[in-house]
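**Student:** Build me a structure from this.
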Amino acid sequence: MNIMVRRLKSEWAYHYSVWKSAVDWVIWLYILIPALIIFSYQYYALWIGEADWPNHYPLTFTWFIFFIISLKGTTRLFICDADVLFLRQHPSYLRAIMKGGIIYSFIRNILIILVIAGALLPLWLIYDDVSYERIATFLLFVTVFRMIYHLAKQWVALTYSGWTLFFVNMLLTIISLAIFNGALFSSSVIRFVIILILIMSLYALVKWRLNATWHFFDDCVREQGEKLKLSAIFIAVQGYKMPKRFKSHKKPRILFPDSDIIYSARTPSHVMSEIVIKYMLRNKSKLFTAIQLTIVFMFAAVLAPFWIKWILLPICTISLIHFVRSSWTDLTTHTFFKLYRFEKNTDTDLAIKRAIAWMSLPSVFSIGFMTGWAAFSPLLGLLVALVTVTLAYFFLIKELLL
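**Tutor:** Down below sits the predicted model:
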């Protein structure tokens with residue numbers, strides 16, 4: 001256990017050094033502090049019942065935030081490659097470290113769930129009139145549910161590979177969603193029964209995890225990835241992708257895995273536009289970051305006061321378009337693209353702008369729609385979205401947003 005504590009301290013010191021080097025005073029001044037001020041204002045308005053926006057949205061979906069966060073993360077074990085020299089020869093020592101990692105993961109899960117529940121508490125108590133008993137039993141269920149899902153996901157990853165792994169993971173997610181729905185919309189008695197069954201299942205999975213030492217090197221790879229996750233996030237924001245030291249399962253591309261053509265007419269402008277679109281869609285880091293930015297901007301548009309929404313809308317739109325355009329900048333530095341005989345002219349410039357527009361405008365539409373919906377109504381939200389998309393496309397083509 002002492003070894004596990006030392007490794008935990010070392011890892012948190014490393015995370016602190018990464019955070020300190022990546023988040024400087026500019027980020028604090030222009031991003032984090034304004035975000036904290038807006039959140040504090042909205043949180044206070046929720047507690048005193050003055051916020052109006054929760055009345056326009058179904059608050060039932062706030063419970064599913066816990067299902068989404070349950071899909072993320074894993075159960076830590078705090079083992080490393082060097083343990084093969086000594087600790088693996090003494091199973092009791094190795095199990096003690098793994099047990100400490102599981103206890104740490106359990107405590108961390110409780111803290112994460114309590115922080116998110118604290119942020120959502122005024123919505124449940126003031127606007128949805130939910131009882132304390134339902135909140136307490138639901139949070140207990142989520143705590144056990146999240147631990148079970150992480151351990152079950154490890155078992156699946158260590159047992160299957162390839163497309164079988166993909167379909168088993170999908171089946172696990174569907175079953176988990178069914179259990180989550182059953183606990184969420186059932187009575188207190190049924191919820192307690194589900195919790196008891198999950199606790200017994202958790203005991204069996206923890207016992208399996210402590211005895212499953214034959215996957216030692218796969219566990220070491222996963223632990224190393226968890227340790228470097230924060231660094232990988234900051235590096236991915238800059239558009240770089242960290243090379244993986246070992247990949248036990250090759251994951252298929254998300255879209256266009258067989259280089260299917262988008263445009264049937266193979267003109268130079270169409271080929272250029274297709275290259276830009278595929279590069280963005282096949283770059284997992286950029287694609288997920290664009291989705292995350294869209295979601296963050298949508299929430300910002302919903303939570304901001306009325307007059308601030310119309311300041312945030314053009315700022316968010318321009319920021320998103322510039323992020324998508326960074327894919328084109330990265331593509332020009334790619335070794336493969338440098339082998340392509342690219343002649344810059346009016347047609348290719350227009351093709352690049354159209355590709356950026358096709359990748360940007362769905363997110364721009366979503367942000368505009370949520371802004372109009374939060375400010376007025378869904379119908380006017382659709383009108384605001386159409387106007388935002390039209391202006392963004394016009395200014396994009398005219399190079400006023402690039």
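**Student:** who touches residue 110 in this structure?
**Tutor:** Counting by Cβ atoms under 8 Å, 6 or more residues apart in numbering, residue 110 touches residue 143. Bear in mind the C-beta positions are built from the backbone N, C-alpha and C, glycine included.
**Student:** Where does pLDDT dip in the stretch 301-402 of the chain?
**Tutor:** Low-confidence regions of the stretch 301-402 of the chain, defined here as pLDDT under 70, cover residues 334-348, 398-402.
**Student:** residue boundaries of the helices in it?
**Tutor:** According to DSSP state H, counting those that start in this stretch, the stretch 301-402 of the chain carries its helices in the segments 306-332, 335-338, 346-375, 378-397.
**Student:** Need the winner for burial among those.
**Tutor:** When neighbours are counted by mean count of other Cβ atoms under 10 Å, the highest per-stretch mean among these falls to helix 346-375, a mean of 21.
**Student:** Can you get me the centre-to-centre distance for it and its chain?
**Tutor:** Distance of helix 346-375 from the chain centroid (Cα atoms, centre = their mean, to the nearest Å) equals 22 Å.
**Student:** Over to stretch 23-43?
**Tutor:** Its chain's C-alpha centre lies 20 Å from the corresponding centre of stretch 23-43 when counted by Cα atoms, centre = their mean.
**Student:** Report the rounded mean pLDDT for that stretch.
**Tutor:** Confidence for stretch 23-43, expressed as mean pLDDT, is 83.
**Student:** and what of stretch 116-129?
**Tutor:** Averaged over stretch 116-129, pLDDT sits at 92.
**Student:** can you put the helices of the stretch 301-402 of the chain in JSON lines and add distance to residue 294?
**Tutor:** Compiled in JSON lines, these are given as follows (distance: least, Cβ to Cβ, whole Å):
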{"stretch": "helix 306-332", "distance to residue 294": "7"}
{"stretch": "helix 335-338", "distance to residue 294": "26"}
{"stretch": "helix 346-375", "distance to residue 294": "4"}
{"stretch": "helix 378-397", "distance to residue 294": "13"}
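**Student:** Any figure for the gap between the closest residue to residue 325 other than its chain neighbours and residue 151?
**Tutor:** Ranked by Cβ to Cβ, 6 or more residues apart in numbering and with sequence neighbours excluded, the top spatial neighbour of residue 325 is residue 356, at 5.3 Å. According to Cβ to Cβ, to the nearest Å, residue 356 and residue 151 sit 43 Å apart.
**Student:** returning to that earlier point: the residue nearest to residue 325: what's it in contact with?
**Tutor:** Residues counted as contacts of residue 356 (Cβ under 8 Å, 6+ apart) are 276, 321, 324, 325, 327, 328, 396, 402.
**Student:** quick one on the thing from earlier: please identify which of the helices of the stretch 301-402 of the chain is closest to residue 298.
**Tutor:** Closest of the helices of the stretch 301-402 of the chain to residue 298 is helix 346-375, at 4.4 Å (criterion: Cβ to Cβ).
**Student:** Nearest to residue 192, out of the helices of the stretch 301-402 of the chain?
**Tutor:** Taking Cβ to Cβ, helix 346-375 is the member of these nearest to residue 192, at 37.8 Å.
**Student:** Where is the longest helix in this structure?
**Tutor:** helix 91-122 (DSSP state H).
**Student:** now that helix, how far from the chain's geometric center?
**Tutor:** Using Cα atoms, centre = their mean, the offset of helix 91-122 from its chain centre is 19 Å.
**Student:** In that helix, which residues are buried?
**Tutor:** The neighbour-count check on helix 91-122 (16 or more other Cβ atoms under 10 Å) flags 94, 96-102, 104-106, 109-110, 112-113, 116-117, 120-122 as buried.
**Student:** What's the first helix or strand after it?
**Tutor:** As assigned by DSSP states H and E, the chain's next helix or strand after helix 91-122 is helix 132-159.
**Student:** and the next element down the chain from that next one?
**Tutor:** If you walk from helix 132-159 toward the C-terminus, the next helix or strand you reach (DSSP H and E) is helix 162-184.
**Student:** got the contact list for that following helix?
**Tutor:** For helix 162-184, contacts defined as Cβ under 8 Å, 6+ apart pick out 63-64, 67, 70-71, 138, 141, 145, 149, 152-153, 156-157, 160, 190-191, 194-195, 198, 249-252.
**Student:** Now the buried members of those.
**Tutor:** In terms of neighbour count (16+ other Cβ under 10 Å), the buried residues within the contacts of helix 162-184 are 63, 67, 70, 138, 141, 145, 149, 152-153, 157, 191, 194-195, 198.
**Student:** State the pair within the residues you listed that is farthest apart.
**Tutor:** Between all members of the buried ones among the contacts of helix 162-184, the longest pairwise span (Cβ to Cβ) is found for 157 and 191 and amounts to 29.2 Å.
**Student:** measure the closest residue to residue 119 other than its chain neighbours to residue 138 for me?
**Tutor:** Setting aside the residues directly before and after it, residue 119 is nearest to residue 43 in space (Cβ to Cβ, 6+ apart), at 7.2 Å. For residue 43, the distance to residue 138 under the criterion Cβ to Cβ works out to 21 Å.
**Student:** Give me the domain ranges for the protein.
**Tutor:** The chain resolves into domains spanning 2-234, 268-397 when parsed by automatic domain parsing.
**Student:** neighbours around residue 127, how many?
**Tutor:** 17 (other Cβ atoms under 10 Å).
**Student:** Return the residues in contact with it.
**Tutor:** For residue 127, the contact set (Cβ under 8 Å, 6+ apart) comprises 46, 49, 54, 55, 59.
**Student:** Return the distance of the helix or strand containing the first one from the chain's centre.
**Tutor:** For residue 46, the enclosing helix or strand under DSSP H and E is helix 33-47. Centre-to-centre, helix 33-47 and its host chain are 22 Å apart (Cα atoms, centre = their mean).
**Student:** how far is whichever helix or strand comes after that helix from where the chain is centred?
**Tutor:** Once helix 33-47 ends, the next helix or strand along the chain (criterion: DSSP H and E) is helix 65-70. Between the mean C-alpha location of helix 65-70 and the chain-wide mean there is a distance of 11 Å, by Cα atoms, centre = their mean.
**Student:** what sits up against helix 65-70?
**Tutor:** With Cβ under 8 Å, 6+ apart as the contact definition, helix 65-70 has outside contacts at 112, 113, 116, 120, 138, 142, 145, 146, 149, 176, 177, 180.
**Student:** Quick one: mean pLDDT for it?
**Tutor:** In this model, helix 65-70 has a mean pLDDT of 92.
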